[in-house]
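**Q** No letters, just coordinates:
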């Protein structure tokens, strides 16, 4: 019986292949896991084949050995839900817990390995699983998690962590057009930090810094993947970052990562999931700027669903919070939010509610307030402005805005902005004789 002919669509097959394992490898590692407990397992290549292709369910002990072999926390394993607890199954999310950050980080890093190996087994996490994860985050006390220290074989001190933090900070501020060079470095840095968290010895202050760094890097990598439309990867990195932020007791960063998952849900036309995540994120974060950004994203999700009163309430809260003073520094992940962002996103929400003229005014005002250094955001704002001009029946102005957005996006390498403009192309095709439209359609088709 040749392992290469085994069906590859079973979650167990996907999980082992993602780790570069054959059926023989998996069976051997299962037997080793049993031996570490002073027990024996009868796992063989043939038995693995039956699990993957004949609908045979491993017994509870075998499932626990499989989990250990795949790096899945023991608390995830539910023998009665086989194979739904396995990594890569859409409904499966590693639950938050004291040992969850490394498995979550490893799972995220493996998604990139799968893609680079031309394996196409990545499955987006379900909306219900994300809302459940957000609910757990909002209701869990992290004091017991942050109190624990690591007992690895090699000691790690503050000097090394400071170097990693400095490197991360310098890479994070690189311009969008330089990302093709810097993104692999950020990926490698996250792998290094994950290795240190898993295999090193450090005190509590160093632990907090390492998890904060892992959360920040995971967020950055997630946005890299999101911008290129790699949504399954993006969500896994943001989920991994949430685990690290949770273990480090950083509630604002946890809210940030939930906010990113919500933004992705809205982008993928699932505003209900986005709203569910954001409502829970808001219950667990404190800083006014952080809450302002989350309220703004909540307004966008509510507006798409036509919930006018709730949308306006969220927009009012976002505006009030943006102007509120705080005795604490603004978290770096939301330090960029400004009146420009408030105006444009408010305009987008009003556009979805049908208030076209007021929406157009806000979007135009917000774009003018944006500093030149935020070229990618400017391109996104121009795409929004193009949509509002189309809604106002002004195709010539819409074409000018869309053309500028597309040119900026192509110049700096911003696929997400390109996607926004491409989404408007069918509407422009009805105005093919209007000035600027032929040039826009030609560039969009290039």
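**A** Now that the structure is in, tell me what you want to look at. Only a predicted model underlies this, so the values are computations on that prediction, with no experimental measurement involved.
**Q** can you count the residues close to the residue nearest to residue 39 when sequence neighbours are not counted?
**A** Excluding its sequence neighbours, the residue lying closest to residue 39 (C-beta to C-beta, 6 or more residues apart in numbering) is residue 61, at 7.4 Å. Bear in mind the C-beta positions are built from the backbone N, C-alpha and C, glycine included. As a burial measure, residue 61 scores 15 neighbours (other C-beta atoms under 10 Å).
**Q** how about the strands in the stretch 51-200 of the chain?
**A** 150-151, 154-155, 200-202 (DSSP state E, counting those that start in this stretch).
**Q** if you compare those, which one is most tucked away?
**A** strand 200-202 (a mean of 18; mean count of other C-beta atoms under 10 Å).
**Q** Please identify the buried residues of the next helix or strand after it?
**A** Sequence-wise, the next helix or strand downstream of strand 200-202 (DSSP states H and E) is helix 204-227. Within helix 204-227, the residues scored as buried using 16 or more other C-beta atoms under 10 Å are 206-227.
**Q** just checking, what packs against helix 204-227?
**A** Judged by 3 or more C-beta pairs under 8 Å, 6 or more residues apart in numbering; DSSP states H and E, helix 204-227 is in contact with helix 101-116, helix 143-146, helix 158-172, helix 179-199, helix 231-247, helix 251-267, helix 415-428.
**Q** Can you add distance to residue 19 and mean pLDDT and give these back as CSV?
**A** Formatted as CSV, these follow (distance: least, C-beta to C-beta, whole Å; pLDDT from 0 to 100):
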stretch, distance to residue 19, mean pLDDT
helix 101-116, 7, 79
helix 143-146, 27, 62
helix 158-172, 26, 92
helix 179-199, 15, 90
helix 231-247, 15, 94
helix 251-267, 25, 95
helix 415-428, 29, 92
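**Q** Can you say which of those is packed in most?
**A** Note that of these, helix 231-247 is the most buried (mean count of other C-beta under 10 Å), with a mean of 28.
**Q** any chance of the strands of the stretch 51-200 of the chain in TSV, plus distance to residue 428?
**A** Compiled in TSV, these are given as follows (distance: least, C-beta to C-beta, whole Å):
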stretch	distance to residue 428
strand 150-151	56
strand 154-155	59
strand 200-202	55
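**Q** Tabulate the ones you listed (a markdown table), appending distance to residue 318 and mean pLDDT.
**A** Output for the strands of the stretch 51-200 of the chain, formatted as a markdown table (distance: least, C-beta to C-beta, whole Å; pLDDT from 0 to 100):
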| stretch | distance to residue 318 | mean pLDDT |
| --- | --- | --- |
| strand 150-151 | 39 | 60 |
| strand 154-155 | 45 | 83 |
| strand 200-202 | 39 | 89 |
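**Q** So for the closest residue in space to residue 68 that isn't next to it in sequence, what pLDDT did the model give?
**A** Leaving aside its sequence neighbours, residue 68 sits nearest to residue 33 (C-beta to C-beta, 6+ apart; 4.6 Å). As predicted, residue 33 sits at a pLDDT of 92.
**Q** can you list contacts of the one helix or strand residue 33 maps to?
**A** Per DSSP H and E: residue 33 is located in helix 23-35. Helix 23-35 is contacted from outside by 3, 6, 12, 16, 21, 40-41, 43-45, 47-49, 52, 61-62, 64-66, 68-69, using C-beta atoms under 8 Å, 6 or more residues apart in numbering.
**Q** what number of residues lie near the closest residue to residue 367 other than its chain neighbours?
**A** Take residue 367 and drop its neighbours on the chain: the residue closest to it by C-beta to C-beta, 6+ apart is residue 381, 4.4 Å away. For residue 381, the neighbour count with other C-beta under 10 Å is 28.
**Q** In this structure residue 381 contacts residue 345, no?
**A** No - if you go by C-beta atoms under 8 Å, residue 381 and residue 345 don't touch, sitting 9.6 Å apart.
**Q** list the residues that contact both of those two?
**A** Counting by C-beta under 8 Å, 6+ apart, the residues touching both residue 381 and residue 345 are residue 366.
**Q** What residues sit buried inside the helix holding residue 33?
**A** 23, 25-31, 33-34.
**Q** contacting residues around the closest residue to residue 236 other than its chain neighbours?
**A** Leaving out its chain neighbours, the residue that sits closest to residue 236 by C-beta to C-beta, 6+ apart is residue 108, at 4.1 Å. Residue 108 makes contact with 218, 221, 233, 236-237, 239-240, according to C-beta under 8 Å, 6+ apart.
**Q** Can you give me the neighbour number for the closest residue to residue 263 other than its chain neighbours?
**A** The shortest distance from residue 263 to any residue other than its chain neighbours is 5.8 Å, reached at residue 297 (C-beta to C-beta, 6+ apart). Neighbour count for residue 297, taken as other C-beta under 10 Å: 26.
**Q** secondary structure element for residue 286?
**A** Using DSSP H and E, no helix or strand contains residue 286.
**Q** Understood, closing this out.
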